[in-house]
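Peer 1: Here is my input; please provide its structure:
(3 chains)
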Amino acid sequence: VKEFMVESLITLTTDFGESSPYVAALKGVILGIHPAVQILDLSHQIPPQDLGYAAFFLKNAIPFFPTGVIHLVVVDPGVGSNRALLYVETDRHRLLVPDNGCWALLASACSSTVVRRLDQPAYRRPEVSATFHGRDILAPAAAWLSRGLNPELLGPITHDWIRFELPAPLLERESATGEVIFVDHFGNLITNIPGDVLRSLASRPLRITVGREPIARAVRTYADADAGAPVALVSSSDLVEIAVNHGNAARQLGATIGTAVTINALP
Amino acid sequence: VKEFMVESLITLTTDFGESSPYVAALKGVILGIHPAVQILDLSHQIPPQDLGYAAFFLKNAIPFFPTGVIHLVVVDPGVGSNRALLYVETDRHRLLVPDNGCWALLASACSSTVVRRLDQPAYRRPEVSATFHGRDILAPAAAWLSRGLNPELLGPITHDWIRFELPAPLLERESATGEVIFVDHFGNLITNIPGDVLRSLASRPLRITVGREPIARAVRTYADADAGAPVALVSSSDLVEIAVNHGNAARQLGATIGTAVTINALP
Amino acid sequence: VKEFMVESLITLTTDFGESSPYVAALKGVILGIHPAVQILDLSHQIPPQDLGYAAFFLKNAIPFFPTGVIHLVVVDPGVGSNRALLYVETDRHRLLVPDNGCWALLASACSSTVVRRLDQPAYRRPEVSATFHGRDILAPAAAWLSRGLNPELLGPITHDWIRFELPAPLLERESATGEVIFVDHFGNLITNIPGDVLRSLASRPLRITVGREPIARAVRTYADADAGAPVALVSSSDLVEIAVNHGNAARQLGATIGTAVTINALP
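Peer 2: Just a heads-up that it's a prediction; the model follows:
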């Protein structure tokens, strides 16, 4: 396994959907600069301009990739404004992103983050449109990096970028209050409450609520729950998750992003 | 064309949808183990936990691939239960799948099927979650195989796995009674009646029904049908299909998986 | 960067959706003939059998790709009829397409277009179905080309193929009347009015309508518009676009493909 192969891989994460020609345009621009690069779709189904969704997505996707992969992220509600476009390099990841914070949640777990502001016309398309900087600025930068371009040539280091925080849960010794921060394709509700809360209270009887609905109990995995009964468990992202075995918890509980979730140990 | 290139290709079929970070996590884990492997999406739109749908999908997709490709399938309603995870090798295909039968329809047309139960921690992620064995067990096994790992190292041969049968049609000399087993993106209804039934009765006047609706006639291809008229024809998977030329048969006939379909030769 | 790498890349554009096994079948057939080829999805979400949509998509996607890439397009309402299947080579692009005009809009901007009619059984699957020529004829041809096959072997040159024109706008010195020809994933309305119209009238007060709705004004980019106010701007495809900053213009204005758009300079 030659490590340099990975330098030649660009992943794509956008809110473009798959029916518009915008994803194809990104791919064409990249291949026009570096025909031998590998391109890998992560998702084009980030909800339009939803930075919180993108932040959660990136934090739960990018860390699995090996060092050296180049991640191109185009969720860009500020396109055409004076927001910057960034090259971000941490000890583990390399991203090309608009300066809107969607990558900052991911980077908060990394050390030695270096951020550069893309300002070099030499590494843009000859004509830059006012509405598609992903195609005209970010994609060319990703392609040039995949060819081995020294990142220093993309632009100067900046220390001024938009931060992003998910809402913090309230954690006490025998209780936790948080909220739903992500709803997956199966209707599972991922909360901002750390998995450790469930683990540390596992031996106690619990009262768990989602919105105003009480949840039957905490389990280790979906298969431990009766079909149709909402349960709490530790998700694969190590957060407390509310799920219905062979069902859809979001629909059944009428819950969505922002719905309150509480866990209380009973005396 | 070097055959070993194909050993280095992993396809992905899941029910994860494309908005969740789960597909990206699979890809990252695979590349972390084998950065030079090719990854190819087959579908992430299998309806959640629908094993019958997955079985039809695999039977109509995998046989087109050349020998040596590694197929990773994650439709896994039993995740976290004691169902096994399997490596399946036939004379033609290599799959990594949960033990839920979704691959068995495909394999029934193959000879010399060897099934191994994945039980070796060395080829799993260091921490295995209770809810995402696709990421933690199946994806690492696929990646190690693509690097050339001897499958014997993944675990012992087993002869105990879940079978899967589609409903069988009732075939008589001058009639057939079956049902819809798949509805495609165009609304075409694929039945479990073999294409040979239509071919052998082609010279006879026929009475064909879908649910309680009579169908105009049998044709060779869509273009032979009047626009808007439901017809029967032999599908590209060699089964009897009900279609509406330039229309959507499922919607027009109110038919879905399980709807009865009959073909009778008239005297 | 070795140019021959690009010869070994096939892109896919279809109306198959992602839940059916048809896309996977295309990929399997291609790899069966050329296991080392790269396959890249452009879109499988072209609306079923919508040739106008496909024409706009291809015109706004394919030109970004470098020379040599092979583009396989399967939007094929005439499958099974006597419509031809074509290999199209322009000075810049190589396509395999049904003869239904969906590629002709793209090619109108290219010179030296050569079109061949695919008629050689040697480069088809052994059995050709009546309903899936994408799998049985187009995909094998693409795969053989990617292996370096001389296109002359695929079939004879033809000068007889279906043309395709988008509706033409009415352009006068101080006004333009056109219509919506594409609605993207964000609800932006792309019209058939050239971007130059807005640029040349930029210094004048304008009256712009979409259907019967007047639009506030023209801007350079989304970020120049007040949130929620529909505006006109030059799209990334250099056409006049109607958009709502942080909103969905199609929904807000009740507009769709064919909705009239007018621009008039005020005295």
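
Peer 1: okay, now the closest residue to chain B within the stretch 101-250 of chain A: neighbour count?
Peer 2: Chain B sits closest to A:Thr221 of the stretch 101-250 of chain A, with a gap of 2.6 Å, by C-beta to the nearest C-beta. In this view, the C-beta of every residue, glycine as well, is placed from N, C-alpha and C. Other residues within reach of A:Thr221, judged by other C-beta atoms under 10 Å in any protein chain shown, total 20.

Peer 1: average pLDDT across whichever strand or helix holds A:Lys27?
Peer 2: Element membership for A:Lys27 (DSSP states H and E) is helix A:22-33. Across helix A:22-33, the average pLDDT comes to 97.

Peer 1: Could you do stretch A:111-121 as well?
Peer 2: On average, stretch A:111-121 scores 93.

Peer 1: residues of it that come out buried?
Peer 2: A:113, A:115-118 (16 or more other C-beta atoms under 10 Å in any protein chain shown).

Peer 1: Name the SS class of the closest residue to chain C within the stretch 151-267 of chain A, please.
Peer 2: With C-beta to the nearest C-beta as the measure, A:His185 is the residue of the stretch 151-267 of chain A nearest to chain C, at 12.9 Å. Assigned by DSSP: H, G, I helix; E, B strand; the rest coil, the conformation of A:His185 is coil.

Peer 1: likewise A:Ala54?
Peer 2: Applying three-state DSSP: A:Ala54 is helix.

Peer 1: Just list the residues touching it, thanks.
Peer 2: Listed by C-beta atoms under 8 Å, 6 or more residues apart in numbering or on different chains, the contact partners of A:Ala54 are A:13, A:15, A:46, A:73, A:75, A:102.

Peer 1: A:His246: neighbour count?
Peer 2: Using other C-beta under 10 Å: A:His246 sits among 16 other residues.

Peer 1: and the closest residue to it other than its chain neighbours, how many neighbours?
Peer 2: Spatial nearest neighbour of A:His246, chain neighbours left out: A:Ala227 (4.9 Å); criterion: C-beta to C-beta, 6 or more residues apart in numbering or on different chains. By the other C-beta under 10 Å criterion, the neighbourhood of A:Ala227 contains 9 residues.

Peer 1: Surely A:Ala227 and A:Gln252 touch.
Peer 2: No - judged on C-beta atoms under 8 Å, A:Ala227 makes no contact with A:Gln252 at a distance of 11.7 Å.

Peer 1: got the residue ranges for the helices in the stretch 51-200 of chain A?
Peer 2: A:51-61, A:104-107, A:133, A:139-146, A:195-200 (DSSP state H, counting those that start in this stretch).

Peer 1: Looking at the fourth one now, give me its mean pLDDT.
Peer 2: Which is helix A:139-146. The model assigns helix A:139-146 a mean pLDDT of 97.

Peer 1: Identify the residues contacting it?
Peer 2: A:7-10, A:26, A:29-34, A:37, A:70, A:72, A:85, A:87, A:94, A:96, A:118, A:123-125, A:151, A:154.

Peer 1: As CSV, could you dump the C-alpha coordinates of that helix?
Peer 2: C-alpha atoms of helix A:139-146 as CSV (Å, rounded to 0.1, in the frame of the first residue of the first chain):
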residue,chain,number,x,y,z
ALA,A,139,-12.6,22.4,-7.1
PRO,A,140,-9.5,23.7,-9.0
ALA,A,141,-7.7,24.1,-5.6
ALA,A,142,-8.5,20.5,-4.7
ALA,A,143,-7.3,19.2,-8.1
TRP,A,144,-4.0,21.1,-7.9
LEU,A,145,-3.4,19.8,-4.3
SER,A,146,-4.1,16.3,-5.5
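
Peer 1: next one: that helix to chain centre, how far?
Peer 2: With C-alpha atoms, centre = their mean, to the nearest Å as the basis, helix A:139-146 stands 21 Å off its chain's centre.

Peer 1: now do the shortest one
Peer 2: With C-alpha atoms, centre = their mean as the basis, the distance from the averaged C-alpha position of helix A:133 to the chain average is 20 Å.

Peer 1: again with the second one
Peer 2: From the chain centre to the centre of helix A:104-107 is a distance of 9 Å (C-alpha atoms, centre = their mean).

Peer 1: near chain B, anything from it?
Peer 2: No - judged by C-beta under 8 Å from any C-beta of the partner chain, helix A:104-107 stays clear of chain B, getting no closer than 11.0 Å.

Peer 1: Would you mind pulling up the elements that that helix packs against?
Peer 2: helix A:51-61 (3 or more C-beta pairs under 8 Å, 6 or more residues apart in numbering or on different chains; DSSP states H and E).

Peer 1: Compute the mean per-residue pLDDT across the helix it packs on, please.
Peer 2: Averaging pLDDT along helix A:51-61 yields 94.

Peer 1: Hey, what's the angle from that helix to helix B:22-33? Just curious.
Peer 2: Counting by axes from the mean of the first three to the mean of the last three C-alpha atoms, to 10 degrees, helix A:51-61 lies at 30 degrees to helix B:22-33.

Peer 1: I'd like the C-alpha coordinates of helix A:51-61 written as CSV, please.
Peer 2: This file holds the C-alpha atoms of helix A:51-61, laid out as CSV (Å, rounded to 0.1, in the frame of the first residue of the first chain):
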residue,chain,number,x,y,z
LEU,A,51,-24.6,24.3,8.0
GLY,A,52,-25.5,22.5,11.3
TYR,A,53,-26.4,19.3,9.3
ALA,A,54,-23.1,19.6,7.3
ALA,A,55,-21.2,20.1,10.5
PHE,A,56,-22.6,16.9,12.1
PHE,A,57,-22.1,15.0,8.8
LEU,A,58,-18.5,16.0,8.5
LYS,A,59,-17.7,15.2,12.1
ASN,A,60,-19.1,11.7,11.7
ALA,A,61,-17.7,11.0,8.3
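
Peer 1: centre of the chain versus that helix, how much separation?
Peer 2: Relative to its parent chain, helix A:51-61 has a centroid offset of 2 Å by C-alpha atoms, centre = their mean.

Peer 1: Same check on stretch A:85-96?
Peer 2: Worked out by C-alpha atoms, centre = their mean, stretch A:85-96 lies 14 Å from the chain centre.

Peer 1: Would you mark the buried spots in stretch A:100-107?
Peer 2: Buried positions in stretch A:100-107, judged by neighbour count with 16+ other C-beta under 10 Å: A:100-107.

Peer 1: Same check on stretch A:169-177?
Peer 2: For stretch A:169-177, using 16+ other C-beta under 10 Å, the buried residues are A:169, A:176-177.

Peer 1: mind checking how far the residue lying closest to A:Val69 once chain neighbours are set aside is from chain C?
Peer 2: In space, and not counting its chain neighbours, A:Val69 is closest to A:Leu9: 5.0 Å by C-beta to C-beta, 6+ apart. For A:Leu9, the distance to chain C equals 12 Å [C-beta to the nearest C-beta, to the nearest Å].
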